[in-house]
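J.: Task: produce atomic coordinates for the following.
(3 chains)
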Amino acid sequence: MQKKERFKRFLDYFTQHFPEPKTELNFSNPFELLVAVILSAQCTDKRINQITPALFARFSEPESLAAASVDEVFTYIRSVSYPNNKAKHLVGMANMLMDRFGGEIPATVDELQTLPGVGRKTAHVILSVVYNEPTMAVDTHVFRVSHRLGLAPLTATTPLAVEKALMAHIPKQYVPKAHHWLILHGRYVCLARAPNCKECALKDFCKYYEKYPISI
DNA sequence: ATCCCGAGGG
DNA sequence: CCCTCTGGAT
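T.: Numbering: from 1, shown residues only, chains lettered A, B, ... in the order given. Now for the predicted structure:
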């Protein structure tokens, strides 16, 4: 199947069945989303949602987080991955928001990436979710599912290469939704270790299913 | 043993 | 390019 047809099948299916996808991270403003996405590295969204209520109650704005000690922030996030690094990043991020951005969340990739703990993936999530900009954040789910469905070539061995492959074929107005669709598919159907191919509506053109047709 | 919406540093 | 950070679920 041609690559153009693969993208059409993917977009048609999810437009039909999941017309309004959104992140599963709980947040009520851009600052909270930024904190949640920084915390979500190598960690499930469910776990992040378990610890953010208390965290957001204590640090509801960049001001309070910037004034906090790394040790105190650590006590709120000790159960997520890399709590030491993330506590340090969160306090540093809040301080830079206050010092250089007037306490507001910047709206460009370059500015976002200057924040401690914010790389290309996190910056793109903020731009996509908060500002509805056509940026494709490539995380572990997007990376894996794109390869399995043949939306990105196997030669695309880095997140940036996968991002470019996706951006070349997804209409701009679909990019923010396509990001969530790839994540939802990876999280609930196209699992890393034991994909639920029986339930998958896209397996007829999936390269992974073609190679491992007896997988669960 | 492997995976989860990665980032920073060498 | 590599390595490290690191807890909880499966």
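J.: List the buried residues for the helix ranked longest in chain A?
T.: Secondary structure assigned by DSSP state H gives helix A:83-100 as the longest helix of chain A. Buried residues in helix A:83-100, defined by neighbour count with 16 or more other CB atoms under 10 Å: A:83, A:86-98. From N, CA and C alone the C-beta is placed, and that goes for glycine too.
J.: Kindly report the same for stretch A:50-60.
T.: Applying a neighbour-count criterion of 16+ other CB under 10 Å, one finds A:Ile51, A:Thr52, A:Leu55, A:Phe56, A:Phe59 buried in stretch A:50-60.
J.: Just flag the most distant two among these.
T.: By the measure CB to CB, A:Ile51 and A:Phe59 form the most distant pair in the buried residues of stretch A:50-60, at 11.9 Å.
J.: Other residues contacting the helix or strand that the longest helix of chain A is followed by?
T.: Using DSSP states H and E, the helix or strand that follows helix A:83-100 in sequence is helix A:109-113. Where contact means CB atoms under 8 Å, 6 or more residues apart in numbering, the residues beyond helix A:109-113 that reach it are A:Phe101, A:Ile105, A:Pro106, A:Val118, A:Gly119, A:Arg120, A:Thr122, A:Ala123, A:His124, A:Ile126, A:Leu127, A:Thr135.
J.: and of the residues you listed, the nearest to A:Lys198?
T.: Distance ranking of the contacts of helix A:109-113 against A:Lys198, using CB to CB, places A:His124 first at 32.3 Å.
J.: contacting residues for that closest one?
T.: Counting by CB under 8 Å, 6+ apart, the residues that A:His124 touches are A:Val109, A:Thr135, A:Met136, A:Ala137, A:Val138, A:His179.
J.: Likewise for A:Met96?
T.: When contacts are taken as CB under 8 Å, 6+ apart, A:Met96 is in contact with A:Thr114, A:Leu115, A:Pro116.
J.: what about it, distance to A:Arg193?
T.: Applying CB to CB, to the nearest Å, one obtains 38 Å for the distance of A:Met96 from A:Arg193.
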